[in-house]
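> One predicted model, sequence on top.
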Amino acid sequence: QTRSPSGYYVLSPIYVQCPVPEEHRDGPNAVNEAKEEITETILTLLERYAPNMTRDKIVATYVNTPQDSEFRNMAFVGGNWYGLRESADEWWSKRPLPELARYRTPIDNLYLCNHTSHPGGLCLIAVPYNLMLTYS
């Protein structure tokens with residue numbers, strides 16, 4: 001038994017991450033207003049590289065914009081799942097910045113423990129676990 005109609009399959013999810021500026025030149029709602037256009041572009045590319053994935057085989061799509069992410073989780077400032085910009089000088093053990101790496105702060109017994117900390121981005125359970133291992 002399957003959730004999909006006869007002759008169909010569940011392909012869930014196809015994540016396509018596209019860089020989107022936090023501040024759009026056409027205003028804060030421009031990305032949300034362009035959801036259909038973004039979906040159309042992605043489906044066109046999908047058909048080009050996976051010719052058997054035609055639109056008549058796609059039952060439903062869902063597009064999540066940065067504004068959607070921020071609305072659902074206020075910690076995703078600007079819709080950024082990683083909490084900070086993604087660059088070599090703020091990644092892994094240097095998160096959120098070298099002076100505050102490895103969960104330490106200048107205040108005794110105060111530690112950083114969120115998605116902006118090492119290892120960063122959506123590793124929500126890894127952060128407190130690593131902190132516990134580091135200081136236990």
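Good, I have the coordinates.
> Only C-alpha atoms from now on, for both contacts and neighbour counts.
Fine.
> Kindly confirm my reading that residue 99 is in a strand.
No: Residue 99: not assigned to a strand; according to DSSP: H, G, I helix; E, B strand; the rest coil it is helix.
> Could you report the separation of it from residue 40?
Residue 99 sits at a distance of 44 Å from residue 40 (criterion: CA to CA, to the nearest Å).
> swap in residue 5?
23 Å.
> what does residue 101 give?
For residue 101 relative to residue 40 (CA to CA), the value is 41 Å.
> So residue 42 versus residue 2, what's the distance?
Counting by CA to CA, the gap from residue 42 to residue 2 is 26 Å.
> Those two: which has the busier surroundings?
Using other CA atoms under 10 Å as the criterion, residue 42 and residue 2 rank with residue 42 on top: 14 against 8.
> Give me the pLDDT for that one.
Residue 42 carries a pLDDT value of 85.
> Does the residue nearest to residue 10 when sequence neighbours are not counted belong to a helix, a strand or coil?
Spatial nearest neighbour of residue 10, chain neighbours left out: residue 4 (5.9 Å); criterion: CA to CA, 6 or more residues apart in numbering. Put simply, residue 4 is coil when judged by three-state DSSP.
> Over to residue 106?
Applying three-state DSSP: residue 106 is coil.
> State the pLDDT value of it.
The score at residue 106 is 88. That number is its pLDDT.
> count of neighbours near it?
Counted with other CA under 10 Å, the neighbours of residue 106 add up to 9.
> domain parsing for this protein?
1-81, 88-135 (automatic domain parsing).
> And those domains, which one averages the lowest pLDDT?
Set side by side, the domains of the chain differ in mean pLDDT, and domain 88-135 is lowest with a mean of 73.
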